[in-house]
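In: Following is a predicted model, sequence given first.
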Amino acid sequence: MEGFMTVERLYADIPIFLVRVMVVSFFSIGFIQFFQRLWNATFDQPNISSQRKWIRRIALTLLTVGLGTFVHLDAMLFVHNDSAIMYHNWALFILILPLLFGGFSKLEIVIQFLALIQIWYMHHAPNMFEPLTLIALVLFVISIVLLKIYREKIIRQWGIGVLGAVIIASIFWFTVPEYSMGMKVTTEWALQAVLLFGTMVAFVLGYWIRHYREDMRKRQLERLADYERGIKNNSYVDHQKELQEMFKKAQDTGTDLSFATFDLDNIKKVNDRFGRLAGNAVLLGTSEIMKRVLSDSGIEYQLFLTSGEEYNVVFPGSKVQDALPVVEACWQGIRKSEFAYEDRNINVTVSVGLTAIQPEDTTVNNIYKRSDDALLKSKQYGRDTITLNDKVVSGMPHEEKSLSDYCYFSQGIYDIAKEEPSMYYHELLLRTYDSMQKRWILPDYFEIPVWMQITLLKDFMEHTDVQNFNLNLTASQFEDIEVARALTQFAKSSEGPNRLTIEITDLKDSQTTRRISALYRSADMKIMIDDVGSDNSFELVRGALPYVNGMKFAMQNLRKVASDAELEERVNFWYKTAQENNLDFILEGVETEDDLKMAKKLGIPYAQGYFFGKPAPVK
């Protein structure tokens, strides 16, 4: 009978519980929106004065720590019924909220943590020093520390945030003593408190994360648009005046002055492929890298943005030998970075011309001319290079690297003809380790020796059950007979994989393709043409079709210039071309469920892209 009454009471409490969820969720959503606006005004507006910024930082701390503590105290003193769980959970949420935001100083973070520990003590004072409570306190602290560390992951993944909220609430409420807060705390009461907190966080996070992402995207677009407006409003006349003054001062005082011109390589291709805002994202990221490197250098400098893709850096009082390491650091920082735009990572390189004031210089235009001439030499050398006057000083592709400096990342190629897509091939993507950035990046130079490629492939094979691989070769590697012989011998040996396919982007003439393809066919290896329809037009591909075994169409290369209907039409054209020539076909750039549905509708058997996962090592 007692059990029946418990169930009956449970059903009776459901409407009350739902009303409490709605009320506390409503206030929490309002609070988090207000907090985010104040946080944006504090940390995301670089033009506000330091005094105003500190006033807003104090307001943020008082808003959370002060309000959260007040609500807790008020509920403990005046609310001694089941309604108390609503107030205590809302206060707990207010105190935890700042952990999801960055920008706070160490002192502010310590204050936030101490406020949470204080609330813990206020609720657990009667049993504070019991072993179970102390263990729970340690787990509570670990949980909020992890919440702080992985806040960006929580913002991206709603489920992790809700799970974390349930864990924190469970640790907090199930260890509250039986008599606390002026009332009796039963297991049923604690369970309701945990359910209320978890449900409330599920609603609030679901709402807020969506709006947070939209806000981040809106602010990114505003930054990119502001950058473009800044380029248009950039005053070349003002720059010339400042530079003329620095030049005259150097002449009058007999001091040094060095001058560098940075020009991004092929930025027009980025604009054409991904859109102007993507190009702006690269330009903005580039300028931020240069500002950071220059600021950290410790030498005097002046940075001028003279056009959308060109920067001039003046080093008053610095010899060119002193300026060169800083210029190289800027050059390396740009070429080794990936610039994010709409879940895409874009890589660019930069060419640099460097010079210094000479005794025979009569005007600043003499320096400009030498810098432009040096820049032109960098471009003629092949871009991605630094030229000092008429001598190339950086960018020579002959740096010695050891095997441990490289590894292969994999992006899976999936068989989508099955109901559940399964990995069919690994596409191997070469990466090199950057000790300064402490991460794997795109290498400057892809033409590593063939023995190194084979060794890296052997190492990769030991860590995966899928023994089918696509290996990318540069144009010079593909036409190299010795490379072909080494790879075919490895493919035929007992150490070789089940299947090894050669993937090429830069097509050679038909004679070379025919000659090399015979070698690879002798080892039952396949040759695949990458980027058909974008980097490789039909006219280029047509002559090679009899000598290759497959082709890949990269949708990501055309998303910005073709509508969904046009994209599907082009995919279908190339898939039909592959079928007519008995060639394998892979659709690359599958990023959404709609992309996958389109591929399946057309009958395409294989696909790869971010929908299945980003490139990663297997270790």
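Out: That came through fine.

In: Could you check the helix or strand hosting Ile171 and say which residues are buried?
Out: Per DSSP states H and E: Ile171 is located in helix 158-173. Within helix 158-173, the residues that count as buried by 16 or more other C-beta atoms under 10 Å are 158, 161-162, 164-173. Heads up, the C-betas are built off the backbone N, CA and C, glycines and all.

In: next one: phi and psi at Thr432?
Out: phi -130, psi 150 (degrees, to the nearest 10).

In: Over to the one 10 residues further on?
Out: Leu442 adopts backbone torsions of phi -70, psi 130, taken as degrees, to the nearest 10.

In: That one: how many residues sit nearby?
Out: For Leu442, the count of nearby residues is 17 (other C-beta atoms under 10 Å).

In: Disregarding residues adjacent in the polypeptide, which is nearest to it?
Out: If you skip the residues right next to it in sequence, Leu442 has Asn347 as its closest partner in space, 5.7 Å away by C-beta to C-beta, 6 or more residues apart in numbering.

In: Now do the same contact list for the one you found.
Out: Counting by C-beta atoms under 8 Å, 6 or more residues apart in numbering, Asn347 makes contact with Arg335, Ser337, Glu338, Phe339, Leu442.

In: Show me the two of these that sit farthest apart.
Out: Phe339 and Leu442 (12.2 Å; C-beta to C-beta).

In: Where strands are concerned, which of the contacts of Asn347 count?
Out: Under the assignment DSSP state E, the contacts of Asn347 contribute Phe339 to strands.

In: Which pLDDT does the model give Val326?
Out: Val326 is assigned 93 on the pLDDT scale.

In: which parts of whatever helix or strand it lives in are buried?
Out: Using DSSP H and E, Val326 falls within helix 320-335. By 16+ other C-beta under 10 Å, the buried positions in helix 320-335 come out as 320, 323-324, 326-335.

In: swap in stretch 404-421?
Out: Asp405, Tyr406, Cys407, Tyr408, Phe409, Ser410, Gln411, Gly412, Ile413, Tyr414, Ile416, Pro421.

In: Mind checking which of these land in strands?
Out: Among the buried residues of stretch 404-421, the members falling in strands (DSSP E) are Tyr406, Cys407, Tyr408, Phe409, Ser410, Gln411, Gly412, Ile413, Tyr414.

In: now these as a markdown table including distance to Asn468 and pLDDT?
Out: Below are these laid out as a markdown table (distance: C-beta to C-beta, whole Å; pLDDT from 0 to 100):
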| residue | distance to Asn468 | pLDDT |
| --- | --- | --- |
| Tyr406 | 21 | 90 |
| Cys407 | 19 | 92 |
| Tyr408 | 14 | 94 |
| Phe409 | 16 | 95 |
| Ser410 | 11 | 94 |
| Gln411 | 13 | 93 |
| Gly412 | 10 | 94 |
| Ile413 | 8 | 95 |
| Tyr414 | 12 | 95 |
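
In: how about the helices of the stretch 51-200 of the chain, start to end?
Out: When assigned using DSSP state H, counting those that start in this stretch, the helices of the stretch 51-200 of the chain occupy the ranges 67-78, 84-96, 106-124, 131-149, 151-156, 158-173, 187-233.

In: what's the second one packed up against?
Out: Contact analysis of helix 84-96 by 3 or more C-beta pairs under 8 Å, 6 or more residues apart in numbering; DSSP states H and E lists helix 2-43, helix 67-78, helix 106-124, helix 158-173, helix 187-233 as its packing neighbours.

In: Apply 6 Å and report the result again.
Out: Counting contacts by 3 or more C-beta pairs under 6 Å, 6 or more residues apart in numbering; DSSP states H and E, helix 84-96 is packed against helix 2-43, helix 67-78, helix 187-233.

In: re earlier: dump the helix holding Ile171 to CSV, keeping only the CA atoms.
Out: Extracted in CSV, the C-alpha atoms of helix 158-173 (Å, rounded to 0.1, in the frame of the first residue of the first chain):
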residue,chain,number,x,y,z
TRP,A,158,25.1,19.5,-25.8
GLY,A,159,25.1,16.0,-24.5
ILE,A,160,28.5,16.4,-22.7
GLY,A,161,27.2,19.5,-21.0
VAL,A,162,24.0,17.8,-19.8
LEU,A,163,25.9,14.8,-18.5
GLY,A,164,28.4,17.0,-16.7
ALA,A,165,25.5,18.9,-15.1
VAL,A,166,23.9,15.6,-13.8
ILE,A,167,27.2,14.5,-12.4
ILE,A,168,27.9,17.7,-10.6
ALA,A,169,24.3,17.9,-9.2
SER,A,170,24.5,14.3,-8.1
ILE,A,171,27.8,14.8,-6.2
PHE,A,172,26.3,18.0,-4.6
TRP,A,173,22.8,16.8,-3.6
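
In: With respect to Thr69, which of the ones in strands among the buried residues of stretch 404-421 is nearest?
Out: Among these, Phe409 lies closest to Thr69 (C-beta to C-beta), at 48.6 Å.

In: Which residues does the closest one form beta bridges with?
Out: Beta-bridge pairing for Phe409 (DSSP bridges): Leu429.

In: and what of Val313?
Out: Applying DSSP bridges to Val313 gives these bridge partners: Ala260, Leu303.

In: Test my guess that it contacts Ala260.
Out: Yes - counting by C-beta atoms under 6 Å, Val313 does reach Ala260; the two are 4.6 Å apart.

In: what's the closest non-adjacent residue to the most centrally placed residue in the chain?
Out: By C-alpha atoms, centre = their mean, the mean C-alpha position of the chain lies nearest to Ala340, the distance being 5.5 Å. Nearest non-adjacent residue to Ala340, counting by C-beta to C-beta, 6+ apart: Ala281, 7.2 Å away.

In: and Gly550, how many residues sit next to it?
Out: If you count neighbours by other C-beta under 10 Å, Gly550 ends up with 21.

In: between Val313 and Ala260, which one's more packed in?
Out: Ala260 (28 against 21).

In: Report the contact partners of the more buried one.
Out: Counting by C-beta atoms under 6 Å, 6 or more residues apart in numbering, Ala260 touches Val313, Val327, Val352, Leu354.

In: Which neighbouring elements make contact with the strand or helix carrying the last one?
Out: Leu354 is located in strand 350-356, with elements delineated by DSSP H and E. Under the contact criterion of 3+ C-beta pairs under 6 Å, 6+ apart, the helices and strands touching strand 350-356 comprise strand 257-264, helix 320-335, helix 364-381, strand 386-388.

In: got the contact list for it?
Out: With contact meaning C-beta under 6 Å, 6+ apart, strand 350-356 is reached by 258-265, 320, 327, 331, 334, 370-371, 374-375, 378-379, 383, 385-389.

In: how about 8 Å then?
Out: Everything outside strand 350-356 that qualifies as a contact, by C-beta under 8 Å, 6+ apart, is 256-265, 286, 319-320, 323-324, 327, 331, 334-335, 367, 370-379, 383-389, 393-394.

In: my read: Asp584 touches Ala578, true?
Out: Yes - if you go by C-beta atoms under 8 Å, Asp584 and Ala578 touch, sitting 7.0 Å apart.

In: Mutual contacts of those two, please.
Out: Shared contacts of Asp584 and Ala578 (C-beta under 8 Å, 6+ apart): Gly550, Met551.

In: Tell me where the stretch 451-600 of the chain has strands.
Out: Remark: strands assigned in the stretch 451-600 of the chain by DSSP state E, counting those that start in this stretch are 468-473, 499-504, 526-529, 550-554, 584-588.

In: contacting residues around the nearest residue to Leu147 once chain neighbours are set aside?
Out: Take Leu147 and drop its neighbours on the chain: the residue closest to it by C-beta to C-beta, 6+ apart is Leu99, 4.9 Å away. Under the criterion of C-beta under 8 Å, 6+ apart, the contact list for Leu99 reads Gln112, Ile144, Leu147, Lys148, Arg151.

In: tell me the pLDDT at Leu99?
Out: Listed pLDDT for Leu99 reads 87.

In: what's the spacing between it and Ala75?
Out: Computed as C-beta to C-beta, to the nearest Å, the Leu99 to Ala75 distance reads 22 Å.

In: before we move on, what about Ile502?
Out: 69 Å.
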